[in-house]
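S.K.: quick one: sequence and predicted model below, then my questions.
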Amino acid sequence: MFIPKPFRLEEKKIPMTEKKELQGKMPSESEIIMTELAIPNDANILGNVLGGRVMHWIDLAAATAAHRHCNAICVTAAIEGLSFLNPIKVGYLAHLKGRVVCVGKTSLVVKVDVHSENMDTGDKKKTSEAYLTFVCLDKNGVPRPVPPLILETEEEKAECEKAKKIRKRMLEIKRQEKE
Ligand SMILES: CC(C)(COP(=O)(O)OP(=O)(O)OC[C@H]1O[C@@H](n2cnc3c(N)ncnc32)[C@H](O)[C@@H]1OP(=O)(O)O)[C@@H](O)C(=O)NCCC(=O)NCCS
């Protein structure tokens, strides 16, 4: 459950040293595959799934991956790099794959890829991708340390570097908004 900032008990902030005690996890441990059947209620007048509906699915898949990594509630702080490359038509399947690609102290980045599937032909197309930053919260709604991420492959390391750059951009935007 998300607790708004004014009600947080800031004095209960957990020391960052606790992060060392958290056990590291691999990206594959947080991976989530979610499949949705596109129905008319999801679509615009062209019969394509609405962008907002795709965003909702992406947020759900990403939040699930973040929760699995942290074994705790995580809230969406930012979404970046969201693209709509191809439409998802009514009657098609939407496959969403999300996994944690990078972690900070109390935040983590989840990448979500979306593919559509035409069940009549078996054709699959990439339709979206997005990077979502989540902040892990304790029961008082205060950011808490996240488990380290164990990166093994070159692909995982490259994905994390990309996510770090995205996170840096998001924080710069946040800093500018505060000014
Ligand atoms: C997300 C939220 C908890 C961050 O609170 P905050 O007081 O700014 O937290 P902090 O400044 O302590 O930052 C916590 C971490 O989040 C990161 N962060 C915060 N805002 C961010 C943003 N916009 N983009 C990327 N990272 C961000 C910080 O860099 C920090 O990371 P680190 O600990 O890994 O170094 C707060 O802004 C919030 O509650 N937002 C609303 C969330 C929400 O309602 N989401 C939709 C429903 S789930």
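M.R.: Looks like it came in fine. Numbering: from 1, shown residues only.
S.K.: near the ligand, which residues of this protein?
M.R.: 2, 5, 75-78, 104-107, 133, 135, 143, 167, 170-171, 174 (CB under 6 Å from any ligand atom). Every C-beta, even on glycine, is put in place using the N, C-alpha and C of the backbone.
S.K.: if you set the cut-off to 5 Å instead, what comes out?
M.R.: Residues of the chain lying near the ligand by CB under 5 Å from any ligand atom: 75-78, 104-107, 133, 135, 143, 170, 174.
S.K.: check what pLDDT the residue of the chain found nearest the ligand gets.
M.R.: The ligand sits closest to Gly104 of the chain, with a gap of 2.3 Å, by CB to the nearest ligand atom. Gly104 is assigned a predicted lDDT (pLDDT) of 95.
S.K.: and Lys174, its phi and psi?
M.R.: Per-residue torsions, Lys174: phi -60, psi -40 (degrees, to the nearest 10).
S.K.: report the contact partners of it.
M.R.: Neighbouring residues of Lys174 by CB atoms under 8 Å, 6 or more residues apart in numbering: Ala78.
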